[in-house]
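Participant: sequence unknown, structure follows:
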């Protein structure tokens, strides 16, 4: 998943490289500056000729390529690597206090199981999270817990 975040940052004009590649980072900054905001840069290693396309090369790197350079529009949805849609847990007050955000969440993950809980229950559940994303959302009651859709066999 970190590569997806890196791709999104690159799409915003914030060059990201990985593997402690200082030369790649400097090059990416220079290419981004040369584009003057008109296009996004990306970083890749040239590897070998494409086996099926005589006019192609295979590129290799960890994957922080900007989404905007994709042929089709990328869409982040479940299942990603999971066969179960997962679940969304939100504070119950989002229903009355932030309908636009709740509608967006439901539209983005339509098949995820949904549960509404109290503020104190949400805080208690937050003690066990393994990964947190701070989005800068500042509307009322935006906190949600997403549970990965891993369905373990019985």
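Facilitator: Good, I have the coordinates. Quick caveat: nothing in here was measured; it's all calculated off a predicted structure. Numbering: from 1, shown residues only.

Participant: Surely residue 114 is within a strand?
Facilitator: Yes: according to DSSP: H, G, I helix; E, B strand; the rest coil, the state of residue 114 is that of a strand.

Participant: tell me, how many neighbours does it end up with?
Facilitator: Residue neighbour count, defined by other C-beta atoms under 10 Å, stands at 14 for residue 114. C-beta here means a position set from N, CA and C on the backbone, and glycine is covered the same way.

Participant: Ok, the one 4 residues further on next?
Facilitator: Using other C-beta under 10 Å, the number of residues around residue 118 comes to 11.

Participant: now it: how far from residue 33?
Facilitator: To residue 33, residue 118 is 49 Å away according to C-beta to C-beta, to the nearest Å.

Participant: before we move on, what about residue 114?
Facilitator: In terms of C-beta to C-beta, residue 114 sits 44 Å off from residue 33.

Participant: Below-threshold pLDDT in this structure: ranges please.
Facilitator: Within the chain, the segments meeting pLDDT under 70 span 1-2, 19-20, 43-47, 58-64, 71-85, 149-154.

Participant: Let me know the outermost residue of it.
Facilitator: Relative to the centre of the chain, the most outlying C-alpha is that of residue 54, 33.5 Å out, by C-alpha atoms, centre = their mean.

Participant: who's in contact with that one?
Facilitator: Neighbour list for residue 54: empty [criterion: C-beta atoms under 8 Å, 6 or more residues apart in numbering].

Participant: what sits against residue 123?
Facilitator: Residue 123 neighbours (C-beta under 8 Å, 6+ apart): none.

Participant: part of a helix, is it?
Facilitator: Yes: Residue 123 forms part of a helix when assessed by three-state DSSP.

Participant: Residue 147 versus that one, what's the distance?
Facilitator: 16 Å.

Participant: now residue 30
Facilitator: Where residue 147 is concerned, residue 30 sits at a distance of 42 Å (C-beta to C-beta).

Participant: Between the two, which has more neighbouring residues?
Facilitator: residue 147 (15 against 12).
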